[in-house]
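**Q** With the input below, show me the fold.
(4 chains)
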There are 2 protein chains.
Amino acid sequence: MSNLSSTFAALGDATRFAIVEKLLQEGELPAGELRSVGQISAPAISRHLKVLRKAGVVEQRIDAQRRLYSVRPEAVQAIGAWSMSYRDFWQKSLDRLEMALIKESKKK
Amino acid sequence: MSNLSSTFAALGDATRFAIVEKLLQEGELPAGELRSVGQISAPAISRHLKVLRKAGVVEQRIDAQRRLYSVRPEAVQAIGAWSMSYRDFWQKSLDRLEMALIKESKKK
DNA sequence: CTTTTGTTTAACTATTATGTTAATTAACAT
DNA sequence: ATGTTAATTAACATAATAGTTAAACAAAAG
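**A** This is a model prediction of the structure:
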């Protein structure tokens, strides 16, 4: 599986996506704090974090008995780079679409 | 599930990701042509296309008995927009990382 | 040393996803 | 009409995922 596809797979679960968004917005957080993304048990969160870590989306730092998690910037950037590598395609397509809509509105 | 998370889920399967990449590179293609992304049966491809369509990643156009598929530009753009909405975060983080690496190399 | 706090691993269950072959639908060509 | 081509839906088997509670582990605090 391509590296990017695993990244997408990791983010393709609603709970994991919420975890990542929370980490992006609030910065590094201990595993326990992430339970607030939904009503979910600590073991479940722990396993989601393991998946995210394995996919290279988050990293872990140890502080005493706590495990602090944060988003790996490379992961978010890689996603952007993928989208941008097809920018020509979607930019042009969307431009054409907009043109068509303007023409349509002028007809009336 | 957030719209973006479903998009990620759709792309989080290696076969589907390959389908999307092929469509991005070669443009609109009939379902049958997409079997070449791997050794996979036609029904399997058909179901993957259904998942991609449901997630809004591809769209279908009918031409006689063929079903022509293409990538929806909005989907790829939405992914880029998400990444870019956190650009400040990853740009700064990567800059810091680079700085640290340069310092490290000068130590030797 | 015992308890508390934070987190992970184990064991198990339920649901979902993926792939296969067979059957069906749809349009075209003879 | 009949066969051919293109694709989907049906039915089924198997594998993977996500959740739970209970147990284990690690460090801190009493």
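**Q** quick one: contacts of the strand or helix carrying A:Ala10?
**A** Assignment of secondary structure by DSSP states H and E places A:Ala10 within helix A:3-11. Counting by CB atoms under 8 Å, 6 or more residues apart in numbering or on different chains, helix A:3-11 makes contact with A:1, A:16-17, A:20, A:51-52, A:54-57, A:75, A:78-79, A:82, B:5, B:8-9, B:11-14, B:17, all of which sit outside it. C-beta coordinates here come from the backbone N, C-alpha and C atoms, glycine included.
**Q** Those residues: which ones sit near DNA strand C?
**A** Among those, proximity to DNA strand C is found for B:Asp13 (CB under 7 Å from any atom of the strand).
**Q** So which of the contacts of helix A:3-11 are in strands?
**A** Cross-referencing the contacts of helix A:3-11 against strands under DSSP state E gives no overlap.
**Q** are any of the contacts of helix A:3-11 buried, and which?
**A** With burial judged by 16 or more other CB atoms under 10 Å in any protein chain shown, the buried subset of those is A:16-17, A:20, A:51-52, A:55, A:57, A:75, A:78-79, A:82, B:5, B:8-9, B:11-14, B:17.
**Q** residues in chain A within reach of DNA strand D, list them.
**A** Near DNA strand D, the residues belonging to chain A are A:9, A:13, A:15, A:39-41, A:43-44, A:47-48, A:51, A:64-65 when assessed by CB under 7 Å from any atom of the strand.
**Q** Closest one to DNA strand C out of the residues you listed, please.
**A** The closest of those to DNA strand C turns out to be A:Pro43 (CB to the nearest atom of the strand; 3.1 Å).
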